[in-house]
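> fold the following, please.
(one chain, ligands or ions: 1)
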Amino acid sequence: MKNVLLVFSLILLTLPEVKSQDPQKPLPNFIIIFADDLGYGDLSCFGHPTIKTPNLDRMANEGQKWTNFYVGASVCTPSRAALLTGRLPVRSGMASDRHRVLFPDSKNGLPSSEITLAEQLKTAGYATACIGKWHLGHKEQYLPINNGFDYYFGIPYSNDMDRLQGDAYNDYWKRPNDSIKTEHFNVPLLRNTEIIERPADQNTITTRYSDEAVKYIKENKKKPFFIYLAHNLPHIPLFVSDKFKGTSERGLYGDVVQEIDNGVGKILNTLKEEGLAENTIVVFTSDNGPWLPFKLNGGSAGLLKAGKGTTWEGGMREPTIFWAPEHIEPGIITDLGTTMDLFSTFSTMAGIKLPDNRILDGVNLSETLFNRKPSQRKSVLYYRGTELYAVRLGDFKAHFITQGAYGEFGERQEHNPPLLYNLNFDPGEQFNVAEEHPEIIEQISVLVKEHRSNLVKGKDMLADRE
Ligand code: MG
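As a prediction, the model looks like this:
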């Protein structure tokens, strides 16, 4: 009997602690604010000297600023797929070596077999809205409405698509900003599945997106809600409403970021006014790094190397803030996190079981957010298309392949032994320390082998175009 009791108590001790949702407590609301092509160095709380982002700064002061937070890919479509599915896009087929993102003539989109965060939260009765850029398929079956969202208001792909000016766009950075008109881009604005405006007036789109989010909060405050607010900007071409034109010392790019920041302020204030702030988790981040070839009109990765399209830090490390006053322990978090972790984290907070019929690439960050415990994430995989280019393990990152993007930062190059950087000492990836640390390269190689052993690549959903 004694032995049986001992075994039983050992089992209890070794079982992971499962926190069940307190039935008395309302389920938390979630808001993800996702900028497009905003760089690591583009917010004042992440060191930009002339872009003023008082609302995001306040969010960082009252919440957690994550300085080692990553996306699942360095371009729009796969990055968004990673966030919404909690999986590396190579698994869902939303990463491709033929076309890096979806285009207005792409035939496909996110496979219906994928479970989005919205679908997951709906199982617990959440009201779900997608506001802004979708970019996971513009045909009806792929739209947000058919991927777990009750409501959609936005441009279904990038704001530079459906070009009416042809090649003129390619030398955009050389031209005066006022020669680029919103009418040059015939992008549609959708409400649910209907086109309500075409071309969408991009001058006012940023504020309209934020206002839609405010409206959705007010209309759905009685039930738990999830809002995925994915701004089309500051992706090129840059547009700003009259109220923000000329407000930033950083020029048009700064004006645009400040308009996004203003919307963040409206959302946080609404949550406070409605008494929802303590029970709403707000996350702010960006889908990938800055689009550097656009020079003065592109953003800045700050002290990080390179930008959008690359697996250097500037392409995939994003300025990230979590906010929920009284709930999230304020501070600066240097532990690792990724957008794929939001799926696991929010599911757990809402008391929803994670799907067990697929590999998820996220971890639950709740203990770090609420109790400042170390993050469960110890590594980051940097994919370009369907190829693994680099791996971060703890402080170190090994590059097996490097490649620039959009004509900058060099051609594809394989490295054997890999380049190795200590990112805590050297976030700008300047000093290769591979020779000094063969043991780290060995550990990373083991991790890669393990990862590859169960990797099944999904059917390429980006390849086919009309
Ligand atoms: Mg982007």
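
> now do the longest strand along the chain, average pLDDT.
Counting by DSSP state E, the longest strand found in the chain is strand 413-422. For strand 413-422, the per-residue pLDDT values average out at 98.

> ditto for stretch 52-68
Stretch 52-68 comes out at a mean pLDDT of 98.

> and the contacts of it?
The contact list for stretch 52-68 (Cβ atoms under 8 Å, 6 or more residues apart in numbering) reads 43-46, 248, 254, 257-258, 261-262, 264-265, 268, 282, 284, 317, 320-325, 328-337, 368-369, 423. In this view, the C-beta of every residue, glycine as well, is placed from N, C-alpha and C.

> repeat the analysis, applying 7 Å as the threshold.
Stretch 52-68 has contacts (Cβ atoms under 7 Å, 6 or more residues apart in numbering) with 43-45, 248, 257-258, 261-262, 264-265, 268, 282, 284, 317, 320-325, 328, 330-337, 369.

> would you mind writing the CA trace of it as PDB?
This file holds the C-alpha atoms of stretch 52-68, laid out as PDB (Å, rounded to 0.1, in the frame of the first residue of the first chain):
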ATOM      1  CA  LYS A  52       7.500  59.900 -31.300                       C
ATOM      2  CA  THR A  53       5.300  57.100 -30.100                       C
ATOM      3  CA  PRO A  54       4.000  58.200 -26.700                       C
ATOM      4  CA  ASN A  55       1.200  55.600 -26.600                       C
ATOM      5  CA  LEU A  56       3.400  52.600 -27.400                       C
ATOM      6  CA  ASP A  57       6.000  54.000 -24.900                       C
ATOM      7  CA  ARG A  58       3.200  54.100 -22.300                       C
ATOM      8  CA  MET A  59       2.200  50.600 -23.200                       C
ATOM      9  CA  ALA A  60       5.900  49.500 -22.800                       C
ATOM     10  CA  ASN A  61       6.200  51.300 -19.400                       C
ATOM     11  CA  GLU A  62       3.000  49.800 -18.000                       C
ATOM     12  CA  GLY A  63       3.600  46.400 -19.600                       C
ATOM     13  CA  GLN A  64       6.500  44.300 -20.900                       C
ATOM     14  CA  LYS A  65       8.900  45.300 -23.600                       C
ATOM     15  CA  TRP A  66      10.400  42.200 -25.300                       C
ATOM     16  CA  THR A  67      13.700  42.800 -26.900                       C
ATOM     17  CA  ASN A  68      14.300  39.300 -28.300                       C
END
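
> give me the buried positions along it.
52-53, 55-60, 62-66, 68 (16 or more other Cβ atoms under 10 Å).

> shaky segments in this structure?
For the chain, the stretches with pLDDT under 70 are 1-24, 166-171, 173.

> residues in contact with the residue nearest the centre of it?
Geometric centre of the chain, nearest residue: D287, 4.1 Å, by Cα atoms, centre = their mean. Contacts of D287 were listed using Cβ under 7 Å, 6+ apart, and they are 34, 36, 71, 76, 79-80.

> what of L304?
Counting by Cβ under 7 Å, 6+ apart, L304 touches 40, 313-314, 317, 427-428.

> which stretches of the stretch 251-400 of the chain form helices?
Ranges of helices in the stretch 251-400 of the chain, per DSSP state H, counting those that start in this stretch, are 252-273, 313-316, 341-349, 366-371.

> most neighbours per residue, which of the ones you listed?
Comparing these by mean neighbour count (mean count of other Cβ atoms under 10 Å), helix 313-316 ranks first with a mean of 30.

> and the helices of the stretch 251-400 of the chain: which comes nearest E114?
E114 lies closest to helix 341-349 among the helices of the stretch 251-400 of the chain, at 10.8 Å (Cβ to Cβ).

> now for the closest one, which elements pack on it?
helix 117-122, helix 366-371 (3 or more Cβ pairs under 7 Å, 6 or more residues apart in numbering; DSSP states H and E).

> how about residues contacting that helix?
Contacts for helix 341-349 (Cβ under 7 Å, 6+ apart): 28, 30, 32, 83, 85-86, 117, 120-121, 283, 354, 360, 362-366, 377.

> and what of stretch 411-425?
Stretch 411-425 is contacted from outside by 313, 392, 395-403, 429, 431-434, 437, 440-441, using Cβ under 7 Å, 6+ apart.

> and the residue of the stretch 351-466 of the chain nearest the ion?
A405 (12.0 Å; Cβ to the ion).

> G309 is in contact with that residue, correct?
Yes. With contacts counted by Cβ atoms under 7 Å, A405 reaches G309, the gap being 2.8 Å.

> domain map for the protein?
In terms of domains, the chain is parsed into 25-377, 381-453 (source: automatic domain parsing).

> so how far is R372 from the closest residue to G86 other than its chain neighbours?
Counting by Cβ to Cβ, 6 or more residues apart in numbering, G86 lies nearest to F343, which is 2.7 Å off, once chain neighbours are set aside. According to Cβ to Cβ, to the nearest Å, F343 and R372 sit 22 Å apart.

> before we move on, back to that, list buried residues within the contacts of stretch 411-425.
Buried members of these, scored by 16+ other Cβ under 10 Å, are 313, 392, 396-403, 429, 434, 440-441.

> so G41, which state does it fall into?
Using DSSP: H, G, I helix; E, B strand; the rest coil, the structure places G41 in coil.

> again with L447
Recorded secondary structure, L447: helix (three-state DSSP).

> got a list of what it touches?
L447 is in contact with 379, 391, 393, counting by Cβ under 7 Å, 6+ apart.

> give me that answer again for 10 Å
Shown in contact with L447 (Cβ atoms under 10 Å, 6 or more residues apart in numbering): 378-379, 381, 391-393, 398.

> format these as a markdown table; extra columns: distance to the ion.
Formatted as a markdown table, the contacts of L447 follow (distance: Cβ to the ion, whole Å):
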| residue | distance to the ion |
| --- | --- |
| K378 | 27 |
| S379 | 24 |
| L381 | 19 |
| V391 | 23 |
| R392 | 21 |
| L393 | 26 |
| A398 | 25 |
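
> generate CSV for these, with distance to S453 as supplementary columns.
Formatted as CSV, the contacts of L447 follow (distance: Cβ to Cβ, whole Å):
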residue, distance to S453
K378, 18
S379, 15
L381, 14
V391, 15
R392, 20
L393, 17
A398, 18
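
> now, those that are in strands?
Per DSSP E, strands hold the following members of those: 379, 381, 391-393, 398.

> looking at these, which is nearest L296?
Nearest to L296 among those, with distances taken as Cβ to Cβ, is R392, at 30.9 Å.

> now the closest one. Nearest residue, chain neighbours left out?
Nearest-residue entry for R392: V380, 4.1 Å, with adjacent residues in sequence omitted and distances by Cβ to Cβ, 6+ apart.

> kindly report the same for N220.
Sequence neighbours aside, A127 is the residue nearest to N220 in space, at 4.3 Å (criterion: Cβ to Cβ, 6+ apart).

> returning to that earlier point: PyMOL command to pick out the buried ones of the contacts of L447?
Per 16+ other Cβ under 10 Å, the buried members of the contacts of L447 correspond to this PyMOL selection:
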select buried, resi 379+381+391+392+393+398
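
> need the winner for burial among the domains of the chain.
Across the domains of the chain, averaging neighbours per residue (mean count of other Cβ under 10 Å) puts domain 25-377 on top, at a mean of 21.
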